[in-house]
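A.B. asks: Provide a 3D model corresponding to the input given below.
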Amino acid sequence: MAVKRVNEEPAYILHRYDWSESSLVLECFTRHRGRVALVAKGVKKPTSSFRPVLLALQPLRLSWGIAGEAASDIHTLKSAEWVGGHTMPVGGGLLSGLYLNELLMRLLAREDPFANLFDIYAGVVRVLATDHGDVLEPVLRAFELLLLRELGLLPSLAEQTLSLQPLKAQGRYVLVPDAGLREAHGQDRAGLSGAQWEALEEALLAANPYPAVLRACVMCAGELKVQLRTLLQHHCGQPVLRTRQLMMDIQSL
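C.D. replies: Numbering: from 1, shown residues only. This next block holds a predicted model:
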């Protein structure tokens, strides 16, 4: 049977689970092929050269084989190389990175490439590995917005979704599942002004959207957090995101 091979594909590991006593299945986010599942045979053995390389939140280059015309959903890992460039995120950066990985696992279909989103994710992971300080919240909100827009799950932020009415610069609006962007009511916990939503939409349409969206999120990251998390959970379905629940549990200690 002919075996095709994908060579030195830029990738990150999103998740891993047992395949056999000595092997693992790796769910990977790759630049040109999207989310792929690879079986790493013998990786649990102490002598495996894969063991110190196959880590989450680390830039890798992976090669794998694809057997036959009607290829399986799970391919066989042939080689893995650590690209380097930054250390493993720790503390809040590690939890945030695992949260992003869970979002990608829940929302990305296999073999559906998103090269621009991959590059943005790689940039975010580099930030998480640094002493990121106050930039963490805007970085996460920017990634959430760009992820939703790339997947076609974010409506236009320059008008009210159901009525198509223009936004008033000083009005207050909220982003909610199924209804999109609408006027804020008294019971709504958070909202942004029409001017802020329009600034976010303009940034999303920029030629290089990540830095533009990041700048637009700096002044409204807190207000965006509840709305985007609710929208993302709606599209992820049940159960509640495990990393989000973990973050809430830690904050309540």
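
A.B. asks: what's the spacing between the strand or helix carrying Gln233 and its chain's center?
C.D. replies: Using DSSP states H and E, Gln233 sits within helix 221-236. With CA atoms, centre = their mean, to the nearest Å as the basis, helix 221-236 stands 13 Å off its chain's centre.

A.B. asks: may I have that helix exported as CSV, CA atoms only?
C.D. replies: What follows is helix 221-236, C-alpha atoms only, in CSV (Å, rounded to 0.1, in the frame of the first residue of the first chain):
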residue,chain,number,x,y,z
ALA,A,221,-10.9,43.5,27.8
GLY,A,222,-12.9,43.3,31.1
GLU,A,223,-16.2,44.1,29.5
LEU,A,224,-15.6,41.7,26.7
LYS,A,225,-14.6,38.7,28.9
VAL,A,226,-18.1,37.7,30.0
GLN,A,227,-19.7,38.1,26.6
LEU,A,228,-17.0,36.2,24.7
ARG,A,229,-16.8,33.4,27.2
THR,A,230,-20.6,33.0,27.1
LEU,A,231,-20.6,33.0,23.3
LEU,A,232,-17.7,30.5,23.1
GLN,A,233,-19.3,28.1,25.5
HIS,A,234,-22.5,28.3,23.5
HIS,A,235,-20.7,27.1,20.4
CYS,A,236,-18.5,24.6,22.3
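
A.B. asks: please spell out which residues along that helix are buried.
C.D. replies: By neighbour count with 16 or more other CB atoms under 10 Å, helix 221-236 contains the buried residues Ala221, Glu223, Leu224, Gln227, Leu228, Arg229, Leu231, Leu232, Gln233, Cys236. Every residue, glycine included, has its C-beta placed from N, CA and C.
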